[in-house]
Every structure is written in structure tokens, then in C-alpha cells.
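> curious how this folds, go ahead:
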Amino acid sequence: MQNNLVSFKCPSCDTSLLYDVAIGKFRCPACGNRYDLFAIRNAAASDEPSFDWGDHIASFVKEDLTGSVTYSCKYCGADIVTDATTSATHCPYCDNEIIINQNLEGALRPNYIIPFKIVKKDLADMWKDLVKKRKLLPKKLVTDVVIDKAIGLYVPFWLYDCTADGKVTFETTTTRSWYSSNYRYTETKYYYVTVDGEVGFKKIPVDASIKMDDNTMDLLEPYDYSQLEEFAPGYLSGFLADRYDDDPEACTPRAGVKVSDGVNKAFSKSVTGYSSVRKVSDDLSLKDTEAKYALLPVYMMKAKYGGNTYTYTINGQTGKIVGEFPKSKFRWLKNFAISAGIIAAVLMIIMFLLR
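Coordinates of the predicted model:
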């Protein structure tokens, strides 16, 4: 049983403080007092070392992060059972917000964090607007989605800086047409164009959590990295948080795919004056690669429809929603009937006019 836990307390009434997204400060749910994040003791701890790529590579030891870990709540003494990767959680017995220090120290301490910008109470209006815009979504999705049970989670990400060096080869064409003796002729010429050079990239994101779906995390992008803040544990109070369990070197190829896409787009824009441009091959290498460790905000919530449960993931900074959206058969048939009715009416009018 481990006991390396921290909870931020109100100096006035000793109630567990929450980080309030709307005001960007700590808020006491009991007495209503508000406190600046860095005014709370040990909230910033900016002089503590954080993740360093070089140190990590030199001292990397493969960890066993399977199974569960039991912590003893220092406020009520209850056992808190959680995953080995959990960095922030909630004591279900005494309502204290718990931060697990051992998963936030040294090489496990994030360099940056983007605090939540979307307030949980605003999710309901965002969800209603989305359902209204998607005409074939079941109306029950509005009522059956459990907004108040939405989970605010800080997901670990690697942010890569690197330089891509190499070349990309494109197949291009030029086309001209002319008429002669009542015939139309078309001439197409094919060329191969090679573009080489270097392109620098900053903050290429790759999620560092094995249990989070990679495709979903990619679809949540983009985040606005101008809002990155130096990490402070207090931001986690009132939310869940996980530490990384996917090694930055193992994730580098995923960053390389994003870099390759970026290089191909950048180089293709320089190939101008042709009728068509198609990439044939590329030969790229990454150099000067550096990774920083960041926590990015995500909401997760569920909805039920037709006997199935649907999970929705929301970018906690921009509000972008990702998930599978079922179609209402009734609304589809209704829209089809209306469309068919309109088409039938138009055909009848045309037939009447042609008499």
C-alpha cells in the first residue's frame, strides 16, 4: 500500500480545493473562496526537474504498469484502488481530490499542460447544437447522454520537435488540347519532379497512453499550443489524469508519419505550373529529434441508443467532439418521404405543363 498522495486544501476551512476552469483559479466548494493557482503552497513547484529526453534515454528501464495499485487516503484512511498509470483521482469516501505525487516526479513530471478551457456545464449546450445540426441523429441522444457523468481527463502526450531532411518525387503532367479537321486532339506530357530540402517541425503530438485509442486522439486535433502552460500539479485538482505508459522512442514512428504528411504537402505546393501532381515516392529522415511531455484536456461521456452504448471524446480546449453517431431510422424514413414527396410533386407539375 502506497501513500504518496497530495490534496490541495482551502486555507480557510480545510476543504479540498477544485481547479475552476471558468475562472482559472482554485475554488473552495464549501466557503466559496478563490485562490490563485500559484498562491497555494507547492502548487507550482517550478524549480522541480521535469521530463528530459536525454535523461530518459540514458536511464530508461521498462516498467511493469499492469495491474492495480492501492493507496491509502491520508484524509480518511480509506483504500483507493486505481491503475498504476493514474496521476490524479478522487477519493469516493471523503470527496477529496487526490494527486499521486510519485507519478508526477522526476522523469514522470510533465513539461507542459493545457488547462481545460471548456466548462463541464457547457457540454450540454454543445451536445444539443451538434444533434440539431445532424438531421439524422436520434433525438433520444440529447436526453440519454449523461452530461453530468462526463469525465474530465488529462491525457499524456509527447510533443516532438524535429527536422525532416530528404526528398520527395512527384509525377506531373501538362495537357493541351486543339481542334483540327473536326477532331479534338489532346496531348499529355509526363514529367518526374524531385524536390529536396529540410523542413522544421514543432510540437508534433502523439498520445502517450496505450489505453487511449490512437485514431480517436488524432481526430481530436488540433490543439492550440500557444496556450501551453508550465506544468503545475494544481491544474489536476478536480480532474482525472494519467501518466505516460508508451515510451517516446516507441512513439517516434507515429510522429514520423505526421511529419511525412506535412513534408509532402509542403513540397507539393512548390511544384507549380502542371496540370496534375501526384506523389510517387519519398525518402525522408528525422534529425535533431526532441520530445517534451505534456498533459492535454479531454472529456469522455457515453450515450445509449438502440441497446448500444456509444462513447464520445471531446477536446477539452476546443470542444471538438469525436465518436460514432447512430442514425435514426424514423428520421431517415421521414426525410426520405419528404424528399420523395417533393420530387413527385415536381414531376407532376412538369407533366402538367407538358400537356
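
> tell me where the stretch 101-250 of the chain has helices.
Applying DSSP state H, counting those that start in this stretch to the stretch 101-250 of the chain gives helices spanning 123-133, 140-144, 214-220, 248-269.

> which one of those helices lies nearest to Cys31?
helix 123-133 (26.9 Å; C-beta to C-beta). In this view, the C-beta of every residue, glycine as well, is placed from N, C-alpha and C.

> chain center to the closest one, what's the gap?
Distance of helix 123-133 from the chain centroid (C-alpha atoms, centre = their mean, to the nearest Å) equals 19 Å.

> let me see the mean pLDDT of that helix.
For helix 123-133, mean pLDDT rounds to 80.

> where does pLDDT dip in the protein?
Filtered on pLDDT under 70, the chain yields the residue ranges 1-4, 37-48, 60-61, 134-148, 327-355.

> mind putting the helices of the stretch 101-250 of the chain into a markdown table with distance to Tyr299 and mean neighbour count?
Below are the helices of the stretch 101-250 of the chain laid out as a markdown table (distance: least, C-beta to C-beta, whole Å; neighbours: other C-beta atoms under 10 Å):
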| stretch | distance to Tyr299 | mean neighbour count |
| --- | --- | --- |
| helix 123-133 | 7 | 15 |
| helix 140-144 | 16 | 15 |
| helix 214-220 | 10 | 16 |
| helix 248-269 | 23 | 16 |
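
> for those helices, give me CSV that also has distance to Arg34.
Formatted as CSV, the helices of the stretch 101-250 of the chain follow (distance: least, C-beta to C-beta, whole Å):
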stretch, distance to Arg34
helix 123-133, 23
helix 140-144, 33
helix 214-220, 30
helix 248-269, 37
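
> hey, where'd the strands end up in the stretch 1-150 of the chain?
Applying DSSP state E, counting those that start in this stretch to the stretch 1-150 of the chain gives strands spanning 5-6, 18-20, 25-27, 34-35, 68-72, 79-83, 86-90, 97-100, 112-113.

> would you turn those strands into CSV with mean neighbour count?
CSV is the format used below for the strands of the stretch 1-150 of the chain (neighbours: other C-beta atoms under 10 Å):
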stretch, mean neighbour count
strand 5-6, 19
strand 18-20, 19
strand 25-27, 21
strand 34-35, 16
strand 68-72, 14
strand 79-83, 15
strand 86-90, 22
strand 97-100, 23
strand 112-113, 21
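
> how about the helices of the stretch 101-250 of the chain, which one is nearest Ala303?
helix 140-144 (5.3 Å).

> show me what Lys292 is bridged to.
Assessed by DSSP bridges, Lys292 has beta-bridge partners Leu159.
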